[in-house]
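A.B. asks: compute the structure for the input listed below.
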Amino acid sequence: MGKYYRDADHLYEIYGYFLNQILTDDKIGPKMAKSGIIIKFIYTDPDCEVTIDLKNPPKEKGSYGTYYLGPCDVKEDVWSKQAADFSHSFWHGHENPVAAVTKGHVKQGGKITAMMKLLPVVRPSFKRFPEVLKEMGYEDLIIVKGKK
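C.D. replies: Modelled structure (predicted):
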């Protein structure tokens, strides 16, 4: 089992709250929606999936995209497979995804260029992720730079 998530439901609880925050953010959400792609994240430790649909009209009013926690029938344009702990560190802004791909920590397929264009767009959410953890009472999961 990974370091930060006790099981898939725990990851879904945190990522669901976080994705709702960034997809309804008037600064981040519209920029993400411009990508017009569907991204599937496949996580290990715990094994789970999160799909973000930025191509189709959002299901929720006020949101710029739709996310699915767990397997879904939505066909992705691009996928990324990584350890859930890596993703947790990424959302703190502590990981270089390009280096992670070259080192084999992250595997990707599909329209990778489109997903890479999202990196500067989601960068402002790196500040938001630790805030979300604090709001949810998970201060113990916040990664402080320099501490592992």
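A.B. asks: hey, which helix or strand in this structure has the poorest pLDDT?
C.D. replies: Ranked by mean pLDDT, DSSP states H and E, the weakest helix or strand in the chain is helix 112-117, scoring a mean of 85.
A.B. asks: pull the distance from that helix to the chain's centre.
C.D. replies: 14 Å (Cα atoms, centre = their mean, to the nearest Å).
A.B. asks: packing partners of the helix or strand following it?
C.D. replies: Using DSSP states H and E, the helix or strand that follows helix 112-117 in sequence is helix 119-122. Applying 3 or more Cβ pairs under 8 Å, 6 or more residues apart in numbering; DSSP states H and E, we find helix 119-122 packed against helix 29-33. (Glycine included, C-beta is placed from N, CA and C.)
A.B. asks: just the pLDDT for the closest residue to I112 other than its chain neighbours.
C.D. replies: Leaving aside its chain neighbours, I112 sits nearest to V78 (6.0 Å; criterion: Cβ to Cβ, 6 or more residues apart in numbering). Listed pLDDT for V78 reads 95.
A.B. asks: tell me who's in contact with I22.
C.D. replies: I28, G29, M32, V122, S125, R128 (Cβ atoms under 8 Å, 6 or more residues apart in numbering).
A.B. asks: what are the buried residues along the least confident helix or strand of the chain?
C.D. replies: A114, M115 (16 or more other Cβ atoms under 10 Å).
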